[in-house]
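In: this one's sequence-less:
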């Protein structure tokens with residue numbers, strides 16, 4: 001399967017961040033790349049065309065990252081109509097066919113396949129009905145730019161919805177155990193400053209370059225990448241479990257389990273590289289988990305370049321870094 005690793009590295013090397021001078025004591029820059037498999041799996045959808053030309057899309061994937069918007073855009077693209085004319089609804093899987101969980105960076109991939117194919121079925125059904133309405137063979141009817149045409153006749157999707165709906169509800173369903181998930185890479189650049197007295201590591205600047213296949217909704221994709229980077233930074237610098245001698249978790253609340261917040265980090269700059277997944281009708285690759293992978297290595301490299309300490313375990317918290325500094329200066 002085609003991957004865009006080289007493209008992410010080239011984009012990182014050409015980014016102003018990589019070329020910017022880094023001045024100041026105990027500051028360092030790190031670069032690292034990371035990979036995630038991404039997922040696929042079962043997805044079921046139903047599409048219903050209303051008489052006003054709007055389409056009701058019913059699907060079973062819980063929306064925690066903007067999948068309703070993405071699914072609407074992919075169905076709209078298939079039908080050639082505005083995304084605003086798609087009304088998405090998420091239902092539980094008692095009300096629709098088997099749909100896999102929302103996880104594994106799988107939803108946009110699998111729902112993109114099923115919405116595309118249900119859209120094709122809608123076009124096929126409307127074409128069949130128009131062949132009766134126009135008294136011509138369905139093979140004579142073409143569909144382009146949201147318009148059906150044949151033998152000098154033409155009818156827009158919206159007009160066809162109003163006309164053909166009188167022959168009965170226009171709807172289609174599609175379910176598939178999808179495959180062909182597109183593995184993806186990201187290359188990250190980070191600048192840090194290390195406090196030589198406390199060991200605290202401050203993130204000064206962060207740039208995440210990622211092969212996203214095709215960014216269906218770029219703003220949501222950027223948000224997914226930024227969120228993943230923050231998770232990766234938390235893993236790199238702060239997040240750790242502590243247990244007592246009896247195995248009881250001592251830091252079980254967000255008061256004690258240290259997660260980074262907006263107060264701890266700069267704006268995460270994102271660069272979207274689009275190398276289409278050849279196994280998907282829209283070239284989609286999963287996005288959300290890839291950016292969690294590179295920060296640990298990138299931050300470790302940056303710390304090494306700042307103070308010469310090569311970390312071999314995470315988190316690289318102040319205590320661990322301060323101890324390393326003390327050993328170096330002893």
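Out: Great, that's in hand. Only a predicted model underlies this, so the values are computations on that prediction, with no experimental measurement involved.
In: strands of the stretch 151-300 of the chain, start to end?
Out: With DSSP state E, counting those that start in this stretch as the criterion, the stretch 151-300 of the chain has strands at 153-156, 170-178, 184-194, 201-211, 268-273.
In: so what's residue 271 up against?
Out: Residue 271 makes contact with 11-12, 15, 207-210, according to C-beta atoms under 8 Å, 6 or more residues apart in numbering. Using the backbone N, CA and C atoms, a C-beta is placed for each residue, glycine as well.
In: so of the residues you listed, which two are at opposite extremes in space?
Out: Greatest spatial distance among the contacts of residue 271 (C-beta to C-beta): 15 and 210, at 12.4 Å.
In: those two - which one has more neighbours?
Out: residue 210 (31 against 16; other C-beta atoms under 10 Å).
In: tell me the centre residue of the protein?
Out: The centre of the chain sits closest to residue 287, judged by C-alpha atoms, centre = their mean, with a distance of 3.0 Å.
In: now it, nearest residue through space, not along the chain?
Out: Leaving aside its chain neighbours, residue 287 sits nearest to residue 224 (4.7 Å; criterion: C-beta to C-beta, 6 or more residues apart in numbering).
In: so the one you found touches residue 286, yeah?
Out: No - Residue 224 sits out of contact with residue 286 when judged by C-beta atoms under 8 Å, with a separation of 9.3 Å.
In: ok, residue 215 - contacts?
Out: 221, 272, 274.
In: I misspoke; the intended subject was residue 256.
Out: Applying C-beta under 8 Å, 6+ apart, the residues contacting residue 256 are 242, 250.
In: got a pLDDT number for it?
Out: On pLDDT, residue 256 comes in at 92.
In: do the same with residue 2
Out: pLDDT at residue 2 comes out at 83.
In: do the same with the one 3 residues further on
Out: Model confidence at residue 5, given as pLDDT, is 97.
In: circling back to that earlier point, who are the contact partners of the residue nearest to residue 287?
Out: Counting by C-beta under 8 Å, 6+ apart, residue 224 has contacts 65-66, 287-288, 291.
In: number of nearby residues for residue 193?
Out: Residue 193, neighbours per other C-beta under 10 Å, totals 20.
In: for stretch 58-77, measure first residue to last.
Out: Taking C-alpha to C-alpha, to the nearest Å, stretch 58-77 runs 17 Å from one end to the other.
In: following element in sequence after the lengthiest helix in the chain, please.
Out: Under DSSP state H, the helix in the chain containing the largest number of residues is helix 107-134. Downstream of helix 107-134, the first helix or strand assigned by DSSP states H and E is strand 142-144.
In: now for that following strand, which elements pack on it?
Out: Taking 3 or more C-beta pairs under 8 Å, 6 or more residues apart in numbering; DSSP states H and E as contact, the helices and strands that strand 142-144 lies on are strand 147-150.
In: show me which residues of the strand it packs on are buried.
Out: Buried residues in strand 147-150, counted by 16 or more other C-beta atoms under 10 Å: 148, 150.
In: report the distance from that strand to the chain centre.
Out: Its chain's C-alpha centre and that of strand 147-150 lie 36 Å apart, by C-alpha atoms, centre = their mean, to the nearest Å.
In: contacts for it, please.
Out: 126-127, 130-131, 134, 136, 140-143, 154-157, 160.
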